[in-house]
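sequence plus predicted model, see below.
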Amino acid sequence: PSAIAFDKNGDLIVADSGSHTIKRIDRKGTISIVAGTDGQFGDVDGDALSAKFNAPIGVAVRDDGAIVVADTYNDKIKLISNGVVTTLAGSSRGLADGSATNAMFNTPCSVAMWHNGRIVVADTLNSRIRVVEPDGTTWTLAGGGNADTVDGTLLEAAFYRPAAVAINADGEIFVADGNIVRAIRNRTFPVVETITKARRGFVDGPPGAATFNRISCLALKSDQDLVIADSDNAAVRVLSSEAVSKEMPT
């Protein structure tokens, strides 16, 4: 299992990557398949229980209850709604903005709901943060494509391997980029900022001094503190919202 998200009923939606399915765990702990064919990979839309994914890693839930899936190794963003799986955006592996059927991704690993029904995608091996509109139109929000760590304006910035995204109540986008946490936020104009120390390690403290080791997932608590799956440190850690908003690394 990879990413998790809660639906409006409080059930847990799980991207069960190894079984190529999306599952639901209800409040009683009962597990059921929402979409996909257990143990079989492929790229098939249609009836949810006959559909096929290829190791889906990212999952999010829209306000209307539809489930958004980063179908990672099919390089597509898919939608589960009313018992049917459809491809929302993506065609073959590559890099292309544009209409739903012309858009291309390369190993998208995370999705998060933004404003006005938009979906933010960590397009991992394209080293970019992309946006999918409700109609599937796709555009690049940030990242120049070079696998690097460069802050600055959205066009100047570069990401290394963005693996996870989370969005706070103010619409700020947090990105797990290798061993660091970065943010896309409005200053005088939209910018990409690195908010933790750009070094592998295991150090607590102010954001600018904190170090991590292969961050695989991000989530926001109700108080907007950022929860971090620090995978290779085998730890779950928290960056306080107050500290993140006030302090920038030197």
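Structure's in. What do you need? Residues are numbered from 1 along each chain as shown.

residue 108 touches residue 122, doesn't it?
Yes - counting by CB atoms under 8 Å, residue 122 is a contact partner of residue 108 at 6.6 Å. Every C-beta, even on glycine, is put in place using the N, C-alpha and C of the backbone.

quick check: neighbours shared by those two?
In terms of CB atoms under 8 Å, 6 or more residues apart in numbering, residue 108 and residue 122 are both contacted by the residues 58, 70.

what ranges of the chain fall below the confidence cut-off?
Applying pLDDT under 70 to the chain flags the ranges 246-250.

partners of the most centrally placed residue in the chain in the sheet?
The structure's the chain has its C-alpha centroid closest to residue 110; by CA atoms, centre = their mean the separation is 2.3 Å. Going by DSSP bridges, residue 110 is paired in beta bridges with residue 122.

so it touches residue 70, yeah?
Yes - with contact defined as CB under 8 Å, residue 110 and residue 70 form a contacting pair (6.1 Å).

who touches both of those two?
3, 57-58, 121-122.

apart from its neighbours in sequence, what residue is nearest residue 131?
Using CB to CB, 6 or more residues apart in numbering and skipping residues adjacent in sequence, the residue nearest residue 131 is residue 141, 5.0 Å away.

who touches residue 77 in this structure?
68-71, 87-90, 105, 108, 111, 119, 121, 132, 136.

whatever helix or strand it lives in pairs with which strands, parallel or anti?
If you go by DSSP states H and E, residue 77 is part of strand 76-81. Each strand paired with strand 76-81, and its direction, by DSSP bridges: strand 67-71 (antiparallel), strand 84-89 (antiparallel).

could those go into CSV alongside mean neighbour count?
Shown next, in CSV, are the strands paired with strand 76-81 (neighbours: other CB atoms under 10 Å):
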stretch, mean neighbour count
strand 67-71, 27
strand 84-89, 20
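
which one, of those, ends up nearest to residue 160?
strand 67-71 (18.3 Å; CB to CB).

other residues contacting the closest one?
Contact with strand 67-71 is made by 3, 5, 7, 13, 15, 22, 34-35, 43, 53-54, 56-62, 77-81, 88, 90, 108-111, 113, 119, 121-122, as judged by CB under 8 Å, 6+ apart.

stretch 225-242 too?
Stretch 225-242 is contacted by residues 164, 166, 168, 174, 176, 181, 195-196, 202, 204, 207, 210, 212-221, 223-224, 244 when judged by CB under 8 Å, 6+ apart.

recalculate using a threshold of 7 Å.
Under the contact criterion CB atoms under 7 Å, 6 or more residues apart in numbering, stretch 225-242 has outside partners 166, 174, 181, 202, 207, 212-221, 223-224, 244.
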